[in-house]
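Asker: need a 3D model of the sequence below.
(2 chains)
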Amino acid sequence: MRLVRAEVLKLVRRRGLMAWTLVLVLGSVLVAEVILVILHAVNPENHGPAGGQTNLSHYLDVLLALGTIAAIMVGATAGSQDVANGVFRDLVVTGRSRSALFNVRAPGALLVLLPIAALAFAAAVVGAFLFSGALPGPSAKVIGGYAAYIFASILINVVLAVALTSFASSRVVVGVLIAWNVLIGPLLLQIGSLGGARKAIDVAAIDHFGPDQYVNDDVTMSTGVALLVLAVWIAVFNTAGRMWTQRRDA
Amino acid sequence: MDAVIETRGLTKKFGERAAVNGVDLTVGPGVAFGFLGPNGAGKTTLIRTLLGLTQPTSGEISLLGLPQPGKRAEALARVGAIVEEPRFHPHLTGRENLTIVAAARDRAADARITDALERVGLTARANDRVKTYSLGMRQRLGIARCLIADPALLILDEPMNGLDPAGILEMRRLIRAFVDEGRTVFLSSHLLDEVEKTCDQVAIVDHGRVVLQGAVGEIAAQGEPTLVVEVDDEATAREVLAREARITRVEDDGPSTLRLTLADGLGASDVNRSLVSAGIAVSRLEPTRATLEDTFLAITSRLGEAE
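Answerer: Numbering: from 1, shown residues only, chains lettered A, B, ... in the order given. Reported below is the predicted structural model:
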């Protein structure tokens, strides 16, 4: 736990990273809410109430997209900062194994990011009820589904970012993972000739937890399979990152 | 424990090039041990290999009597080290940087942070971000980072690099204080004068090989004795001295002053007698002690000639 706390300390003291994380994750949801509330207040005929299930989807779509980017940024920083600052060797000469030093990076990043994401999620849900007017409020199923969806996206992207920064610079990793999530992954899901192999793509497994509109009808899977796919991705990348960290010169 | 550091046939190759080549090294407890060599001699590579930062190609290592890498964690728990320049997270304060490393050590390390900062004189700046520190302050913070391990062995790679004279003096004082406390300090340096002033024992390394190892005074004494003479007629003196085969070198050492390198037991009185017999007035006759630098240069230049 002391090593995990040290990871958290290293991340939260980065003012720029924390400011961007707050802006992307929490700020974006609050700004979206304020805009919809103002639009409804000044022109209620053309703009309905800022709450309700539909608007919750809008808020959480923003949180999902920008939260994924924040997860990549925080994960890449957690994975690279010791080596980038030349401190990794000083940690290695304490006698701690390289595996232990690697293993605490993702938990540290998640401990920093998840509370902020939870706060943003809560702000979106509260807003959906508070500003719902005559609209029906979101169901518990929708809220739960979105929570799992966003958590899965943040979890997998933090783990991937931490693992990949063992091999490449944080800038390269941020670029690759954003491209994967925004472009390459969704594109692969559209290629019908890949058939059932598309179930092995992490983006498909994450989408399984999302609302129906996100799920590609040709790439449906059970929750068990989706969890298995995510577990395999996490295990493979985590193992590869740890092995590389063990073998590299410090 | 007979040896704090012991290596046998330690070799580290990068491709075909051996940065460390069959090094046999023994460092006893409670001494300041200088690992002396020119830049590129393999000093940092040997330190990195000792600490497990890079794997040796062959050979055996023992730290604090514990074989490496088998008992790595046990040994390194009592080792503090600065490898190359001390590096830190610049966005964290000095105290926070120590907290990060203490978290990787046992719980007692947390309690040593305040004392370590005080010991190196950084208490007042402990809560400032490291990016505002001077190089000298970072060197001292590096020492504080070593101290939170309560180390039996400190391994310091070029600890005087970049320090001003006051910083060098302070570092020397700290190192001697550590030795007085019974700790062993292994420091690498290319600064001969500093090693001579700071260390009890020394190993001279060149091209990845240890070419000489022993007490500083004994090694320095292995250099050939020299004699400085001041005469009234330098040209005639040179002619007289050239006839003495046991004077191996005659160099200018200022106006009317010559520095002679003596061999085979030739003494100052013999030289004086020869000069006076030739009618030369001798106004200064000063035997000089060979320094570690003389020995180091003699050894490394011989090696250079051999190649």
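
Asker: residues in chain A within reach of chain B, list them.
Answerer: When proximity is defined as Cβ under 8 Å from any Cβ of the partner chain, chain A approaches chain B at A:2-3, A:5-6, A:9-10, A:13-15, A:81, A:85-87, A:89-97, A:101, A:249-250. The C-beta positions use only the backbone N, C-alpha and C, and glycine is treated the same way.

Asker: show me which of those are buried.
Answerer: Among these, those classed as buried by 16 or more other Cβ atoms under 10 Å in any protein chain shown are A:2-3, A:6, A:9-10, A:14, A:81, A:85-87, A:89-96, A:101, A:250.

Asker: among those residues, which lie within helices?
Answerer: Using DSSP state H, the subset of these located in helices is A:Arg2, A:Leu3, A:Ala6, A:Leu9, A:Lys10, A:Gln81, A:Arg89, A:Asp90, A:Leu91, A:Val92, A:Leu101.

Asker: want to throw those residues into TSV with pLDDT and distance to B:Glu6?
Answerer: Listed next are these as TSV, based on pLDDT from 0 to 100; distance: Cβ to Cβ, whole Å:
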residue	pLDDT	distance to B:Glu6
A:Arg2	93	32
A:Leu3	95	31
A:Ala6	97	33
A:Leu9	97	38
A:Lys10	97	36
A:Gln81	96	36
A:Arg89	93	23
A:Asp90	94	24
A:Leu91	95	25
A:Val92	94	21
A:Leu101	95	28
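
Asker: chain neighbours aside, what residue packs nearest to the residue positioned nearest the centre of chain A?
Answerer: Nearest to the mean C-alpha position of chain A, by Cα atoms, centre = their mean, lies A:Ile154 at 2.0 Å. Leaving aside its chain neighbours, A:Ile154 sits nearest to A:Ala71 (4.4 Å; criterion: Cβ to Cβ, 6 or more residues apart in numbering or on different chains).

Asker: repeat that for B:Ile82.
Answerer: B:Gly142 (4.4 Å).

Asker: give me the buried positions along the helix or strand that contains the one you found.
Answerer: Using DSSP states H and E, B:Gly142 sits within helix B:135-147. Neighbour counts over helix B:135-147 (16+ other Cβ under 10 Å) mark B:Gly136, B:Met137, B:Arg138, B:Gln139, B:Arg140, B:Leu141, B:Gly142, B:Ile143, B:Ala144, B:Arg145, B:Cys146, B:Leu147 as buried.

Asker: any low-confidence regions in chain A?
Answerer: A:215 (pLDDT under 70).

Asker: from A:Phe131, how far out is the residue located most distally from the centre of it?
Answerer: Taking Cα atoms, centre = their mean, the residue of chain A most remote from its mean C-alpha position is A:Glu45, at 36.1 Å. Distance, A:Glu45 to A:Phe131, by Cβ to Cβ, to the nearest Å: 17 Å.

Asker: same check, this time on B:Arg246
Answerer: 104 Å.

Asker: of those two, who's got more company?
Answerer: A:Phe131 (18 against 14; other Cβ atoms under 10 Å in any protein chain shown).

Asker: surely A:Ala117 is in contact with A:Val25?
Answerer: Yes: with contact defined as Cβ atoms under 8 Å, A:Ala117 reaches A:Val25; the gap is 5.6 Å.

Asker: common neighbours of these two, please.
Answerer: A:Leu63, A:Gly67, A:Ala70 (Cβ atoms under 8 Å, 6 or more residues apart in numbering or on different chains).

Asker: ok, the last one - contacts?
Answerer: So that's A:Ala70. So A:Ala70 contacts A:Trp20, A:Thr21, A:Leu24, A:Val25, A:Leu113, A:Ile116, A:Ala117 (Cβ under 8 Å, 6+ apart).

Asker: residues in contact with stretch B:34-43?
Answerer: By Cβ under 8 Å, 6+ apart, stretch B:34-43 touches B:12, B:19-21, B:46-47, B:157-158, B:186-190, B:192, B:195, B:198-199, B:201-208, B:216, B:292, B:296, B:300.

Asker: burial measure for the nearest residue to A:Ala204 once chain neighbours are set aside, as a count.
Answerer: Nearest residue to A:Ala204 in three dimensions, chain neighbours excluded: A:Val219, at 4.7 Å (Cβ to Cβ, 6+ apart). If you count neighbours by other Cβ under 10 Å, A:Val219 ends up with 23.

Asker: these two touch, right, A:Val219 and A:Ile191?
Answerer: No: here A:Val219 does not reach A:Ile191: they are 10.4 Å apart, not a contact under Cβ under 8 Å.
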